[in-house]
Each structure stands twice: as structure tokens, then as C-alpha cells.
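Colleague: I would like to see how this sequence folds:
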Amino acid sequence: MRRALIVVDLQNDFCPGGALAVPGGNEVVAIANELLAEIPLSVLTQDWHPQGHVSFASSYERQPFDVDDSVDPPRVLWPDHCVAGSGGADFHPELRAERAKLIIRKGFSLNLDSYSAFFENDGITPTGLAGWLSTLGVGEVLVLGLATDYCVKATALDAIKLGFKVIVVTDGVRAVNAQPGDGEAALEAMKSAGCRLSSLKEILA
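Modeller: Next comes the predicted model:
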């Protein structure tokens, strides 16, 4: 059974100094690079939003991190981030992106957000990643990146639903923690769904 690495959204806007900085987000890059060197089949995901995107608080003249209760389920509204073609949307400069075999851009539809590497947030529209992995005979995926409580969680849970075995690299993720404890709750949700939680050292052993 082949395994693949999915590196989620290691982009400038999610790292310190970025528009939607995840605390310690840059600390994940070294771990990603180790696994990119170790696992030949690897995928990078990249948030790639148009101006005025549905997920931006500015699109509604709201404050970042406000909750939009007009949709079901309610959604968090974010600062403008990872605008297509901007420096903030670029991968972290120390990420060895050239080692990846595939880049999946997500969230590029104006009125549809995308957390998971596999589906847009409508849960229906596929990114094509599942078919690509299956065609190559991949049965297990390792997931790391940003952020634990949103795009990493969505990617891992979708992978489980699609029948992949999933390992979440616990020291290779960091959380937004919009609410205290969101990151830990996300890890528990992934574990309860059937994901294995392992550190880099455990994976390389």
C-alpha cells in the first residue's frame, strides 16, 4: 500500500506576520521538509482566494472572527487572506515546495469556501485529489500543516470518509484556537473518527 503526504496551507498569511497568522505556524515548516524528503509522493494545498471572497469579514463590513449566523452551520469570518497572486498566498519561503508532486489550490470560487484538500465546503464539489491518489494506488495519507482546527481537521476527516488510512503528524500542526481548546478538540475529533495521531519521530522510526 502506497502512502502519500498532504501538507496543508503552509503559506505566508498563516505564518507569523501574515494576515491570518497561526501561532507557531512557521514551526511546522521544518517538519514538513523532513517528510517531503522522506515520502516521494507528496501534495501541497494552497488557499487561493479571489478579492471579496465569501469567507472574508470585509465582504460584509464585519469584523474578523465574527460568526456569520445567517448560514447553517454558522461560519467564522476571516481577515482577508491568501488572495490569489499575493505574497501572502505564497508558500513559506523555507518550504521545499519543489519536492511536491502536486499542488491543489482551494477556495478559488468567489461564493464557496474550502477547508478540506478533498472537497469544497459544500461537501460535494471535489478538488480531484481523491481520484489522483486512488489512481496512484495510495491507501494511506499523512496530514500536517495549518490549521489543526480547520483545514487540517477537514482534510483528515474527509480522507477517512473516502476510505484512506490517515496519520495526523501531531508536532506538524498548529491551531488557530479562535476559541480556547479548539486545537485539542480537533485532534480528539480526528482520533475519534479513526485517524492515528503520531509524532514525526514515531513516523520515522
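Colleague: what's the neighbour count on the closest residue to Ala32 other than its chain neighbours?
Modeller: In space, and not counting its chain neighbours, Ala32 is closest to Val7: 5.0 Å by CB to CB, 6 or more residues apart in numbering. C-betas here are computed from N, CA, C, even on glycine. Per other CB atoms under 10 Å, the neighbour tally for Val7 reads 32.
Colleague: just Ile39 next, same as before
Modeller: 16.
Colleague: sorry, back to before: so the residue nearest to Ala32 bridges to which residues?
Modeller: Leu44, Leu144 (DSSP bridges).
Colleague: can you pull the contacts of it?
Modeller: Val7 is in contact with 32, 35-36, 42-45, 95, 100, 144-145, counting by CB atoms under 8 Å, 6 or more residues apart in numbering.
Colleague: nearest to Val83 among those?
Modeller: Comparing these against Val83 with CB to CB places Thr45 closest, at 16.2 Å.
Colleague: quick one: that closest one from Ala117, how far?
Modeller: Taking CB to CB, to the nearest Å as the measure, Thr45 falls 5 Å from Ala117.
Colleague: mind listing the helices for the chain?
Modeller: In the chain, helices defined by DSSP state H lie at 28-38, 129-135, 153-161, 182-193, 200-204, listed in chain order.
Colleague: take the ones you listed and lay them out in CSV including distance to Ser86.
Modeller: Below are the helices of the chain laid out as CSV (distance: least, CB to CB, whole Å):
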stretch, distance to Ser86
helix 28-38, 19
helix 129-135, 24
helix 153-161, 23
helix 182-193, 26
helix 200-204, 30
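Colleague: what number of residues lie near Ala193?
Modeller: 14.
Colleague: and for Gly87?
Modeller: Counted with other CB under 10 Å, the neighbours of Gly87 add up to 11.
Colleague: report the contact partners of it.
Modeller: Listed by CB under 8 Å, 6+ apart, the contact set of Gly87 reads Asn12.
Colleague: can you show me the strands along this protein?
Modeller: For the chain, the strands defined by DSSP state E cover 2-8, 42-47, 67-68, 75-76, 102-106, 138-146, 165-174, 196-198.
Colleague: neighbours of Gly25, how many?
Modeller: Neighbour tally, Gly25, other CB under 10 Å: 27.
Colleague: let me fix that: Gln179
Modeller: If you count neighbours by other CB under 10 Å, Gln179 ends up with 11.
Colleague: and for Thr135?
Modeller: As a burial measure, Thr135 scores 8 neighbours (other CB under 10 Å).
Colleague: all good on my end, thank you.
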